[in-house]
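[1] got a sequence here, can you model it:
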Amino acid sequence: MLTKKGQFDVARKTIYWMIVGVMITLIVLAFAFIFGGYKSKLTYVPGEIRAEYITLRFVNNEECFAWQDASGIIHAGVIDISKFTDEQMNKCYFTNPKQGYEEFNFGLTLENEKKSIKTNNYYHKDDYTLFKEIVVRDDKGLIKKDRLIIYVQENI
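    Okay, here's the model as predicted:
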């Protein structure tokens, strides 16, 4: 049988270990959150760089606007003006009609040709603008230097 002093010692140790357990749990959780935030900061890629990589498809992919000659060679950086349409844009880059506003959307303008197209969820709320020096092949086979202006809407 425990004396009053022994009962007090048991109660004191129980309270002590409960407090220590809570403190250790808080330290472990804080440590996990600090490392999680650090990892996120290390691996973060700015939206402008992600958009730059996505836009490479517009000038380098034959399914988008890149010119493909009769022998099947794809000329990166050369836009076929006959492909520069909204229909081709939808084949090349199409976002979800209901929630696509949460993704990257683009408005493309050929500066000298004064021709513009846009993705299906582009609402002219530009987050940033990218420029690409390109070459345009027109319907007659003439090749002209131009600048592709890409308006990027990250999300609304």
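[2] now the element after the lowest-mean-pLDDT helix or strand in the chain, going C-ward?
    Least confident helix or strand of the chain, by mean pLDDT, DSSP states H and E, is helix 4-43 with a mean of 86. Using DSSP states H and E, the helix or strand that follows helix 4-43 in sequence is helix 47-60.
[3] show me what that following helix is packed up against.
    Other helices and strands packing on helix 47-60, by 3 or more Cβ pairs under 8 Å, 6 or more residues apart in numbering; DSSP states H and E, are strand 74-80, strand 105-110, strand 128-137, strand 143-153. For every residue, glycine as well, the C-beta is placed using N, CA and C.
[4] against which helices or strands is the longest one packed?
    Just to be clear, that refers to strand 143-153. Strand 143-153 sits against helix 47-60, strand 74-80, strand 105-110, strand 128-137, with contacts defined as 3+ Cβ pairs under 8 Å, 6+ apart.
[5] of all these, which one is nearest Q99?
    Q99 lies closest to strand 105-110 among the helices and strands packed on strand 143-153, at 11.7 Å (Cβ to Cβ).
[6] domain ranges for the chain?
    For the chain, the structural domains run 1-44, 47-153, going by automatic domain parsing.
[7] point out the most buried one among the ones you listed.
    Burial of the domains of the chain is given as mean neighbour count (mean count of other Cβ atoms under 10 Å); domain 47-153 ranks first at a mean of 15.
[8] how long is that domain end to end?
    10 Å (Cα to Cα, to the nearest Å).
[9] check stretch 110-129 too.
    13 Å.
[10] what of stretch 73-84?
    19 Å.
[11] could we number from 615 for the rest of this?
    From this message on, residue numbering opens at 615, which makes the last subject stretch 687-698.
[12] and for it, what's in contact with it?
    The contact list for stretch 687-698, computed with Cβ atoms under 8 Å, 6 or more residues apart in numbering, reads 672-676, 678-683, 722, 724, 727, 729, 731, 748-753, 757, 760, 762.
[13] before we move on, back to that, least reliable of the domains of the chain going by mean pLDDT?
    Among those, domain 615-658 carries the lowest mean pLDDT, at a mean of 84.
[14] quick one: contacts for the residue nearest the centre of the chain?
    By Cα atoms, centre = their mean, the chain has its centre lying nearest to R664, at 4.5 Å. Counting by Cβ under 8 Å, 6+ apart, R664 touches F718.
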